[in-house]
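J.: pasting a predicted model and its sequence here:
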Amino acid sequence: MATLIAVLAGDGIGPEVTAEGVRVLEAAAALAGLNLELREALIGGAAIDACGEPFPGETRALCREADAVLLGAVGGPKWSDPEASVRPEQGLLDLRAAMGVFANLRPVKTVPALYAASPLRAELLEGVDILVVRELTGGIYFGRKHREVDWAEDVCSYSKEEIERVLRIAAELARERRRKVTSVDKANVLETSRLWRSVTDRLFASEYDDLELETILVDAAAMHLLSRPADFDVLVTENMFGDILTDEASMLSGSMGMLPSASLNAERRGLFEPIHGSAPDIAGQGIANPCGMILSVALLLRYTLKQPALADEIERAVYAAIAAGTRTRDLSAAGTQSASTRQMGDAVLEQLGA
Ligand code: IPM
Ligand code: MN
């Protein structure tokens, strides 16, 4: 039976980068003799335009049935009126909740070929290899929201179970890496963070005492990511802190366009998406960096299709294409010629031998 992959291109640069991700996925499947069935569906602003809602029933049904979901990006100025009753981003949040993908893995790596694209000095970037595990289906994103004309609230809540299950994923991944976990919270101010910290301390003392545990406050973490990025191995944190810290950390790798993500549920079925948004300022120009999407395809092969060698091969191909000089505008020095989205995809396919 074919493995079913739902492809949700979304808005802005979503369709452009998704097209390259799909080409690489199909080429990789052909190389390895995998039987995949790709089915497209609408999400976000594109779905609002077509049927008035950002996560239509048809898309929900497909994503429930699929073995994995590949997603481009959602959102854009057309749908961002703060008074609007439906928003593209809600479609993505509903999708994450519907799939129950509570653990969002965001690897941040540096390669010498891209040191110059980062605002940080090369000496700080050497050896950076961080795996951020962001809790994805709880916290302030999903708490009660209330709005009156001149007053609003967003509630942040976490249960012990929600905290424990994401910590376990982080700990287990750390056992396959450098055996260090940094848990990030704001326990000096937030009650949810005090719970987070006590659950962490207890869990690591009882079940993961073979791992080094570091706990730091989120404001300090924002600083340490710039002052000592190579010291981190697995960094685990709640939903919104993880959102903010991964945009910051993406600049270590040279560009936000480089970062992939894998969001896994209890059955390790997954949602795979680059961490960047829909980038309306460059949408439709064919210049977006597809590497975050292509690296997300690698994560899909690694985690859902259990093809680690193929995933390694795609990651190698991306970095080889960049090292050989193919770079989209976000990775290029000012005034130099840069590659289009399609040319970047072509270069990766060439490195793959596809
Ligand atoms: C991300 C994005 C989303 C988030 C938005 C589009 C809802 O910023 O995946 O990081 O905040 O989670
Ligand atoms: Mn984000």
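T.: Perfect, I can see it now. Ligands and ions are numbered 1, 2, ... in the order given.
J.: which positions in the helix or strand residue 72 falls within come out as buried?
T.: Assigned by DSSP states H and E, residue 72 falls within strand 68-73. By neighbour count on 16 or more other C-beta atoms under 10 Å, the buried set for strand 68-73 is 68-73. Quick note: C-beta positions are derived from backbone N, CA and C, even for glycine.
J.: tell me which element the residue of the stretch 51-200 of the chain found nearest ligand 1 falls in.
T.: Nearest residue of the stretch 51-200 of the chain to ligand 1, counting by C-beta to the nearest ligand atom: residue 89, 4.0 Å away. Assessed by DSSP H and E, residue 89 sits inside helix 88-99.
J.: that helix to strand 68-73, inter-axis angle?
T.: 170 degrees (axes from the mean of the first three to the mean of the last three C-alpha atoms, to 10 degrees).
J.: could you export the buried residues of strand 68-73 as TSV, including pLDDT and distance to ligand 1?
T.: Putting these into TSV (pLDDT from 0 to 100; distance: C-beta to the nearest ligand atom, whole Å) gives the following:
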residue	pLDDT	distance to ligand 1
68	97	17
69	98	13
70	98	14
71	98	9
72	98	11
73	98	7
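J.: thinking again about what came up before, isn't the residue of the stretch 51-200 of the chain closest to ligand 1 right up against residue 75?
T.: Yes. Residue 89 lies in contact with residue 75 (C-beta atoms under 8 Å); the separation is 5.6 Å.
J.: quick one: contacts for whatever residue of the stretch 201-350 of the chain ends up closest to ligand 1?
T.: Among all residues of the stretch 201-350 of the chain, residue 243 sits closest to ligand 1, at 4.5 Å; criterion: C-beta to the nearest ligand atom. For residue 243, the contact set (C-beta atoms under 8 Å, 6 or more residues apart in numbering) comprises residue 134.
J.: begin at 9 from here
T.: Will do, 9 is the new start, and the previous item becomes residue 251.
J.: element containing it, please.
T.: Assigned by DSSP H and E, residue 251 falls in helix 247-258.
J.: list the buried residues of that helix.
T.: 247-251, 253-254, 257-258.
J.: since that was my last question, I'll sign off now.
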